[in-house]
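# Could you look at this predicted model? Sequence included:
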Amino acid sequence: MDSQHRPSPDSEQQTTSRKQKRGIGAIGWAVIGAVFFSSLLAIGILPRLSQKSELQAAVKEASTVPSVNVITPRRATGATKLELPGSVVAQNQTTIYARSTGYLRRWYADIGDRVRAGQLLAEIDSPDTDQQVLQAKAEVVQAQANVSQTRANLAKSISDLKQARANLLIARQSWQRWQVLVKEGAVPQQDADTKYATYQANLASVEAAQNTVNSDSANIKAAQANAYASQANFQRNTVLQSYKKVTAPFAGVITARNVNTGVLISAGNGNTSTSNTNTNTSNSSLYTIAAYDNLKVNVSVPQSLSQSLQTGQTAQITVKELPQRVFTGKVVRTSNAIDPTTRTLLTQLEVHNSDATLRPGMYANVRFAINRTNPPFIVPDSALVVNAGGTQVATVTKDHTVHYQKVAVGRDYGTEVEITSGLTGNESLIATPTVDETEGLRVQPVAQTK
């Protein structure tokens, strides 16, 4: 029975052969399927993978270019307020010196006193000047007497000349008659010669009298010139004598007194005097006086705004010590020259001060209202770069590279500044440049939102 169910060797080989054929067919189909799916993947996935790689490369490249916030400069308004520091000075201030030498007899005005023009401030006791006046007066009297004497001599000389001319006329007529008588034989020639000699003597007398008159005329001119000189010297000493009384040259306030009673005063500079503290000192002035009714305010205006100011323009003037008062000043003059050190224009304003509220030497704030025809640009102060190359701004060019542009700065508003030159208004400025943004660096600009 077992032998019936056991397969024969031939049937076993056939069975094995059929199994091998079926195995080979399955592997082939598997290979074909793998190739088919690989082709599908190559057609659909590989392009996507390539695009993804390119996108990743672009993202990587973009991540290496830094982004910067950029802004555009804006134009300032034409009307603006300009506030500058100023210094209050007196419209008219001077020091008073002595013109007469002597001792100070008395002073009548002290510091802080308001005085009028011509008011007596002090008196100087000057005996030397008094004696010089007396001597000059005596010289005038003497010179006038000399002129009178010379005039008298001239009058006498003129009278003698007239008498000599009369005698000459008689002598000439007598000689002429005797010449006729000699020709007629009535008188001898000797008598005629005597008459001729008398005529010649009278002719010499006339010439001498004429010379005397000429000499006396010259003497009277010299005497008159001497009298004029004596009179001028007398007037000079009289004027010097008047300087013993020191008066105010104009109405104002006494700001300094440098003398006391009894001090020796010397005319001119280098006066020896005492101060208000009674300490001996060398001082060339007796008083200092300043006019307070009208004051001046000196202001240094920046060069960039110097063309905006005009003579006659008004400004508001305030001082810290008078917060409730606003004074009005008017531009009266400028120096018409820019100070090369500060690049400013010295401007003077006139302000009325009838109540003497303002005082010379005060610090003041001066506020102008200015209309600018070409207003500057305004940028944040953070956009400025100050280095060895000067003041610059970092701009982003059209090809997205950094370029540093040199600019000139005007007024500073704290967080913003004016740019007076160097910009056209179309630039893209890096809002806050750093040391990393070097010249020529490629950047990605991002517009900054307010």
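It's in.

# So residue 199: helix, strand or coil?
helix (DSSP: H, G, I helix; E, B strand; the rest coil).

# what's near enough to touch it?
168, 171, 172, 174, 175 (C-beta atoms under 8 Å, 6 or more residues apart in numbering). (Each C-beta comes from the backbone N, C-alpha and C, glycine too.)

# Skip the chain neighbours and tell me the closest residue to it.
residue 171 (4.0 Å; C-beta to C-beta, 6 or more residues apart in numbering).

# just residue 206 next, same as before
With sequence-adjacent residues excluded and distances taken as C-beta to C-beta, 6+ apart, residue 206 is closest to residue 164, at 4.4 Å.

# Run through the residues that contact the one you found.
202, 205, 206, 208, 209.

# Wait, a helix at the second one?
What it means is residue 205. Yes - residue state for residue 205 (three-state DSSP) corresponds to a helix.

# for the helix or strand containing residue 379, packing partners?
Under DSSP states H and E, the secondary-structure element containing residue 379 is strand 377-380. Where contact means 3 or more C-beta pairs under 8 Å, 6 or more residues apart in numbering; DSSP states H and E, strand 377-380 is packed against strand 74-75, strand 416-421.

# cutoff 10 Å now
Counting by 3 or more C-beta pairs under 10 Å, 6 or more residues apart in numbering; DSSP states H and E, the packing neighbours recorded for strand 377-380 are strand 74-75, strand 408-412, strand 416-421, strand 429-430.

# Now do the strands in the stretch 251-400 of the chain.
Remark: strands assigned in the stretch 251-400 of the chain by DSSP state E, counting those that start in this stretch are 252-257, 264-265, 272-274, 280-282, 287-302, 314-318, 327-339, 344-352, 363-371, 377-380, 384-387, 390-396.

# and which of the contacts of residue 164 is nearest residue 373?
Minimum separation from residue 373 among these (C-beta to C-beta) is found for residue 209, which lies at 91.0 Å.

# Let's see the pLDDT reported for that closest one.
The model reports residue 209 with a pLDDT of 82.

# The nearest residue to residue 343 once chain neighbours are set aside and residue 169, how far apart?
Once flanking residues are discounted, residue 343 sits nearest to residue 303: 4.6 Å by C-beta to C-beta, 6+ apart. Separation of residue 303 from residue 169 (C-beta to C-beta, to the nearest Å): 94 Å.

# ok, the longest strand along the chain: who's next to it in the sheet?
Criterion DSSP state E: the longest strand present in the chain is strand 79-96. Within its sheet, strand 79-96 is paired with strand 287-302 (antiparallel), strand 363-371 (antiparallel), according to DSSP bridges.

# and the residue nearest to residue 199, how far is that from residue 184?
Applying C-beta to C-beta to residue 171 and residue 184 gives a distance of 21 Å.

# give me the low-pLDDT residue ranges for the stretch 251-400 of the chain?
For the stretch 251-400 of the chain, the stretches with pLDDT under 70 are 269-284.

# can you do 50?
271-283 (pLDDT under 50).

# And the stretch 1-150 of the chain, by the same measure?
In the stretch 1-150 of the chain, residues with pLDDT under 50: 1-5, 8, 19.

# mind listing the strands for it?
Going by DSSP E, counting those that start in this stretch, the stretch 1-150 of the chain shows strands at 67-71, 74-75, 79-96, 102-107, 114-115, 120-125.

# Can you check my assumption that the residue nearest to residue 206 lies in a helix?
Yes - the assignment for residue 164 is a helix, going by three-state DSSP.

# confidence score at it?
The model's pLDDT for residue 164 equals 83.

# Find the nearest non-adjacent residue to residue 327, please.
Of all residues not flanking residue 327 in the chain, residue 317 sits nearest, at 4.2 Å (C-beta to C-beta, 6+ apart).

# Which strand residues bridge the one you found?
Taking DSSP bridges as the rule, residue 317 bridges to residue 327, residue 366.

# which one of residue 171 and residue 184 has more residues nearby?
Set side by side, residue 171 and residue 184 show more neighbours around residue 171, with 20 against 7, by other C-beta atoms under 10 Å.

# ok but residue 404 is inside a helix, no?
No - counting by three-state DSSP, residue 404 is not part of a helix but strand.

# which of the contacts of residue 199 lies closest to residue 327?
Using C-beta to C-beta, the contacts of residue 199 come closest to residue 327 at residue 168, 91.2 Å.

# list the contacts for the residue nearest to residue 199?
Shown in contact with residue 171 (C-beta atoms under 10 Å, 6 or more residues apart in numbering): 195, 196, 197, 198, 199, 200, 201, 202, 203, 205.

# and the angle from the helix or strand where it lies to strand 102-107?
Assigned by DSSP H and E, residue 171 belongs to helix 127-184. With axes from the mean of the first three to the mean of the last three C-alpha atoms, to 10 degrees defining the directions, helix 127-184 sits at 120 degrees from strand 102-107.

# Output stretch 245-263 as CSV, restricted to C-alpha atoms.
Extracted C-alpha coordinates of stretch 245-263, given in CSV (Å, rounded to 0.1, in the frame of the first residue of the first chain):
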residue,chain,number,x,y,z
LYS,A,245,33.8,169.4,37.6
VAL,A,246,33.2,165.9,36.3
THR,A,247,29.8,165.6,34.6
ALA,A,248,27.8,162.8,33.0
PRO,A,249,28.2,162.7,29.2
PHE,A,250,24.7,161.3,28.7
ALA,A,251,21.7,160.1,30.8
GLY,A,252,22.2,156.6,32.3
VAL,A,253,23.0,154.6,35.3
ILE,A,254,26.3,154.7,37.2
THR,A,255,27.6,151.1,37.1
ALA,A,256,31.0,151.7,38.8
ARG,A,257,32.6,154.3,41.0
ASN,A,258,36.4,154.0,41.5
VAL,A,259,37.2,157.1,43.6
ASN,A,260,36.8,158.5,47.1
THR,A,261,37.1,161.9,48.6
GLY,A,262,40.7,163.1,49.0
VAL,A,263,42.2,160.8,46.4
